[in-house]
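>>> Using only what follows, build the 3D model:
(one chain, ligands or ions: 1)
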Amino acid sequence: MKHTTLRDLDVSRIGLGTMGMSFGYTGAGTDDAESVRTVHRALDLGVTFLDTAEIYGPYVNEELVGRALKGRRDQVVVATKFGMISHAGGRPGNLDSSPANIRTAVEGSLERLGTDHIDLYYQHRVDPHTSIEDAVGALAELVAEGKIRHIGLSEAGPDTIRRAHAVHPVTAVQSEYSLWTRDVEERVLPVLRELGIGFVPYSPLGHGFLTGTIRSPEQFDDTDWRKNNPRFTGENFQRNLALADKVQAIAAEVGATPAQVALAWLLAKGEHIAPIPGTKRVARVEENVAADVIELTADQIDKLNNLPPAAGEHHDEEQMQMIER
Ligand SMILES: NC(=O)c1ccc[n+]([C@@H]2O[C@H](COP(=O)([O-])OP(=O)(O)OC[C@H]3O[C@@H](n4cnc5c(N)ncnc54)[C@H](OP(=O)(O)O)[C@@H]3O)[C@@H](O)[C@H]2O)c1
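Coordinates of the predicted model:
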């Protein structure tokens, strides 16, 4: 497995997102034993970068990661996120990056993860009621105390990134980026390159859609996050199938799976980029990690760059309000 740096933090080029093991796409239920095996298999294959968050569950995903890492904590960079649960309550949308809430959140995450430090601690969404300077100031104190090692932001806009970075170096920004979600290319990625900040694409497989294995909305359980997502519903879903088919055709040409091609395209976008595909299955983590060795030709990259845009926004209206703020 190749490695890269997010600023000064060394990570495997391909990480593992653990959200779906407990949250969002759990469908008929969870299988913690297979999830733990998946984390172990990822580590055995050289993955050193795990991604979770306080809100996943809530809480149970961090607990699962903590259990999976017993005895192996030193082998990985553990990234988690705060700010979508207001522990004292009373915040609109539950967004809370107040210094007091960050202090409460970090103690809970440390305990659930069974560790004395978090390697990369992200603000999950920008909080319109706390200045980014105050939030990053609180995080800088946690760095000084050794509770966290690096600071990250998720779905932050360019001005917020600059202001945050002026208070304390930001190691990584994590936002949605994949063949069908290209928003960050215009305003966010140039700022990250300029400031030397790493980038972590989340949902790099388009929440599974780009893999070609999702062919009908009927595949989703009522609790599935995708059930109400604009791209996965109604006419948009049907139109987007053509996009998945195009990825499949290019994958056939490459001699790889669509998931691998979606990841290889992201890896070709720049050096300091480390996607975190999510899966709760051993076989799929093996498939995804193998994307590390795929080299796309200029012609294949060109074809992928020129795929038609997805039908529908990548989040519902309420969630879109929280993006690139
Ligand atoms: N910062 C944020 O706001 C934010 C938001 C969303 C996600 N994230 C992070 O990003 C990580 C990844 O994003 P994501 O899980 O939303 O989406 P994703 O990685 O694009 O896709 C995950 C989905 O694809 C399926 N899948 C994975 N590998 C596959 C393969 N090789 N073939 C077919 N299907 C495959 C998974 O199903 P199985 O599990 O059944 O294999 C799951 O349903 C999350 O785990 C989380 O840590 C962050």
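>>> Helix, strand, or coil at the residue lying closest to R73 once chain neighbours are set aside?
In space, and not counting its chain neighbours, R73 is closest to T115: 5.7 Å by CB to CB, 6 or more residues apart in numbering. Heads up, the C-betas are built off the backbone N, CA and C, glycines and all. Three-state call for T115 (DSSP: H, G, I helix; E, B strand; the rest coil): coil.
>>> does the ligand sit close to stretch 48-68?
Yes - Stretch 48-68 lies within reach of the ligand by CB under 6 Å from any ligand atom, at D51.
>>> circling back: distance-wise, check the residue nearest to R73 relative to L139.
17 Å (CB to CB, to the nearest Å).
>>> between those two, which one's more packed in?
In this view T115 and L139 are compared by other CB atoms under 10 Å, and L139 has more residues nearby, 28 against 18.
>>> in terms of contact, does the more buried one touch I148 like I think?
Yes - using CB atoms under 8 Å, L139 is in contact with I148, at 6.7 Å.
>>> shared neighbours of those two, anything?
Common contacts of L139 and I148 (CB atoms under 8 Å, 6 or more residues apart in numbering): Y121.
>>> who touches the most centrally placed residue in the chain in this structure?
Central residue check for the chain by CA atoms, centre = their mean: the C-alpha nearest the mean position is that of Y202, 2.9 Å away. By CB under 8 Å, 6+ apart, the residues touching Y202 are G17, D51, S154, Q174, S175, E176, Y177, P275, I276.
>>> tally of neighbours for the second one?
Think D51. Applying other CB under 10 Å, I find that D51 has 27 neighbouring residues.
>>> Can you report phi and psi for it?
Note on D51: its backbone torsions stand at phi -120, psi 120 [degrees, to the nearest 10].
>>> ok, it to G137 distance?
Distance from D51 to G137, by CB to CB: 25 Å.
>>> got it, and the first one?
When distance is defined by CB to CB, G17 is 29 Å away from G137.
>>> cool, the fifth one as well?
Plainly put, S175 is 23 Å away from G137 if you go by CB to CB.
>>> Between the two, which is the more surrounded one?
With neighbours defined as other CB under 10 Å, S175 and G137 compare such that S175 has more, 22 against 15.
>>> touching the ligand at all, the longest helix anywhere in the chain?
For the chain, the helix that runs over the most residues, judged by DSSP state H, is helix 234-254. No - Helix 234-254 does not reach the ligand (CB under 6 Å from any ligand atom); its nearest approach is 10.9 Å.
>>> So which residues make contact with the next helix or strand after that helix?
Using DSSP states H and E, the helix or strand that follows helix 234-254 towards the C-terminus is helix 258-267. By CB under 8 Å, 6+ apart, the residues outside helix 258-267 that reach it are 13-14, 177-179, 201, 204-206, 210-212, 244, 247-248, 250-251, 254, 256, 273, 275, 277, 284, 287-288, 290-292, 294-296, 300-301, 304.
>>> Now restrict those residues to buried residues only.
Buried members of the contacts of helix 258-267, counted by 16 or more other CB atoms under 10 Å: 13-14, 177-179, 201, 204-206, 210-212, 244, 247, 250-251, 254, 256, 273, 275, 277, 284, 287-288, 290-292, 294, 296, 300-301, 304.
>>> Of the residues you listed, which belong to helices?
Of the positions in these, A244, V247, I250, A251, V254, R284, E287, N288, Q300, I301, L304 sit in helices, assigned by DSSP H.
>>> Closest one to R7 out of these, please.
Nearest to R7, judged by CB to CB, of those is N288 at 24.2 Å.
>>> Return the per-residue confidence for the residue lying closest to that closest one once chain neighbours are set aside.
Leaving aside its chain neighbours, N288 sits nearest to P277 (4.6 Å; criterion: CB to CB, 6+ apart). Among the per-residue scores, P277 shows a pLDDT of 98.
>>> Distance of P277 relative to the ligand?
Using CB to the nearest ligand atom, to the nearest Å, one obtains 4 Å as the distance from P277 to the ligand.
>>> Please consider this matter closed, and thank you.
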